[in-house]
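In: this one's sequence-less:
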């Protein structure tokens, strides 16, 4: 685009000044084209950076999702392992009950018998193995009744003492890693009132 200069009356523009103006105009036009090209290059570079940032964010999300997936799978494996262990322990508890009853039923004169000693040793060994795995018996005799750990199967009416106290443990309860796997079956006290409540 060539600009026409106003010619002052009486003065003709010199050919060298016209050539100079034309070269300046060409330089301006070239510089505008160069700045336009630079702006276009900058826009392309910015678009590439935006795409790169988007891919980086996608990669980070996928990595975070995968890390969460691994943690979830690991947690599920541990839970499944603990559940299977808990099931096995529950199946061993009746054996522990039978051994306790066998030891309790020994006659006083048979306490030192080799068979009786063997039963006691087996019971102690099984108890220590279960304890090492995180199984704990629930102590309840003389304690306040707790429905979270005890199952009342009998009620003993008393005239004095504390109400809802465990007086007898019919079947031991157990916890595994702090969770109840079998409640204790117990007899609890109930205070009799003078109003004839029987």
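Out: Right, received. Where do you want to start? Since this is a predicted model, take the numbers as computed values, not measurements.

In: show me where this protein has strands.
Out: Using DSSP state E, the strands of the chain run over 135-137, 150-158, 166-171, 174-176, 179-182, 184-191.

In: list the buried residues in the fifth one.
Out: Within strand 179-182, the residues that qualify as buried by neighbour count (16 or more other C-beta atoms under 10 Å) are 181-182. Any C-beta I mention is one placed from the backbone N, CA and C, and that applies to glycine too.

In: make a markdown table out of the strands of the chain and add mean pLDDT.
Out: What follows is the strands of the chain, written out as a markdown table (pLDDT from 0 to 100):
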| stretch | mean pLDDT |
| --- | --- |
| strand 135-137 | 93 |
| strand 150-158 | 88 |
| strand 166-171 | 88 |
| strand 174-176 | 93 |
| strand 179-182 | 92 |
| strand 184-191 | 88 |
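
In: quick one: those strands as JSON lines, columns for distance to residue 116 too.
Out: Listed next are those as JSON lines, based on distance: least, C-beta to C-beta, whole Å:
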{"stretch": "strand 135-137", "distance to residue 116": "22"}
{"stretch": "strand 150-158", "distance to residue 116": "29"}
{"stretch": "strand 166-171", "distance to residue 116": "22"}
{"stretch": "strand 174-176", "distance to residue 116": "25"}
{"stretch": "strand 179-182", "distance to residue 116": "27"}
{"stretch": "strand 184-191", "distance to residue 116": "26"}
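
In: show me the shaky parts of the protein.
Out: Regions of the chain meeting the criterion pLDDT under 70 cover residues 1-20, 109, 111, 194-198.

In: what about the most centrally placed residue in the chain, distance to residue 38?
Out: With distances taken as C-alpha atoms, centre = their mean, residue 75 lies nearest the centre of the chain, 6.9 Å away. Look at residue 75 and residue 38: by C-beta to C-beta, to the nearest Å, they are 55 Å apart.

In: go on, residue 63?
Out: On the measure of C-beta to C-beta, residue 63 and residue 38 end up 37 Å apart.

In: got the residue ranges for the helices in this protein?
Out: 15-104, 114-132 (DSSP state H).

In: between the shortest one and helix 15-104, how many degrees?
Out: Counting by axes from the mean of the first three to the mean of the last three C-alpha atoms, to 10 degrees, helix 114-132 points 160 degrees away from the direction of helix 15-104.
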